[in-house]
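Student: heads up, no residue letters with this:
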């Protein structure tokens, strides 16, 4: 099922090389602003740029088919369609029966009994993150009006590490790779080597959500961090999600978050748990890290099999692919996070609370 959420339900539809892709957001009350210029801005952040990203550049022309009137939601499901205008389906003609290594091709082929849409990954393609970002722009802006701020930065690429948002109030630079430290030149140099060697590279994105109300979450099985993790794993190529210190937690009291009074309010320090305790938001900034594997489509020859003839074959993948996806993934992570936050917010305070 391509759905996410309880009170705020996101559903995506379409395939990578179809006429269009889209998404529907059900549960928004009347009167929420739908700012088309902000949607275009968010989509532009997701759009490929430069030498280190895919050559498939879509204009992302979109239309709302329901849910909006005079720039505001009307209470009906908010549905958007985005046109696919730059497809090269012939690039995938050799892949009908030959699965690409480390892609979903093989399990989907078996599940669909060989009738799957193999062009660009079909419904499993990252192309479907475009309508997610478009509707995420509506939700992000609604949360901003409640003072809830979501921001992400590239935390790690290869052996290059950025500073962390987990310790102190850090600002993300308005640079090419959206980092706290100025790492543009280092990352460029690393990516040049990746391209030269016909490889791809993964890494991690750290996200901070400020001013989240205390107590969002429904443990056991609807914990805030559990649902957020599920949302992040819905993004193609995600392989790990860690809150706070994550795998770097140590034993003993040095890992504990303690309570203090500042300006008459309870504050939590140092926020090793990333703003979530026992599945509930704690009032501290929510901080988590999402790790992406290297994109599996590389032009180096690899081993595969022909599922029709059951013979081993050598495969060289053609087409337009992302050697590096983290910069484009930033608005996708922010958008996915926004749906989870608003869904929990409305569960706690009611559907009209966001107005």
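Tutor: Structure received. Everything quoted here is computed from the prediction, not taken from an experiment.
Student: use CA for all of it now, contacts and neighbours both
Tutor: Will do.
Student: isn't residue 279 right up against residue 227?
Tutor: No: contact criterion CA atoms under 8 Å: residue 279 and residue 227 do not qualify, at 9.5 Å.
Student: Regarding residue 325, what are the backbone dihedral angles?
Tutor: phi -120, psi -10 (degrees, to the nearest 10).
Student: Spatially nearest residue to it (excluding sequence neighbours)?
Tutor: Once flanking residues are discounted, residue 325 sits nearest to residue 53: 6.9 Å by CA to CA, 6 or more residues apart in numbering.
Student: Could you do residue 204 as well?
Tutor: residue 291 (4.2 Å).
Student: how near is the nearest residue to residue 79 once chain neighbours are set aside to residue 94?
Tutor: Among residues not flanking residue 79 along the chain, residue 24 sits closest, at 4.2 Å (CA to CA, 6+ apart). Going from residue 24 to residue 94 by CA to CA, to the nearest Å gives 33 Å.
Student: So between the two, which is more surrounded?
Tutor: Between residue 24 and residue 94, counted using other CA atoms under 10 Å, the more crowded position is residue 24 (23 against 14).
Student: OK, contacts around the more buried one?
Tutor: Taking CA atoms under 8 Å, 6 or more residues apart in numbering, we find residue 24 in contact with 9-12, 77-80.
Student: That one: what secondary structure?
Tutor: strand (DSSP: H, G, I helix; E, B strand; the rest coil).
Student: mind starting the numbering at 19 from now?
Tutor: Fine by me, first position is 19 from now on; the one you just mentioned is residue 42.
Student: Bridged to it, which residues?
Tutor: residue 29, residue 97 (DSSP bridges).
Student: burial of residue 156, as a residue count?
Tutor: When counting by other CA under 10 Å, one arrives at 21 neighbours for residue 156.
Student: May I have the beta-bridge partners of residue 227?
Tutor: Applying DSSP bridges to residue 227 yields these beta-bridge partners: residue 168, residue 304.
Student: okay, it: pLDDT?
Tutor: Residue 227 carries a pLDDT value of 98.
Student: tell me the helices in the stretch 19-168 of the chain, going along the chain?
Tutor: Ranges of helices in the stretch 19-168 of the chain, per DSSP state H, counting those that start in this stretch, are 54-64, 123-129, 147-162.
Student: out of those helices, nearest to residue 36?
Tutor: helix 147-162 (13.8 Å; CA to CA).
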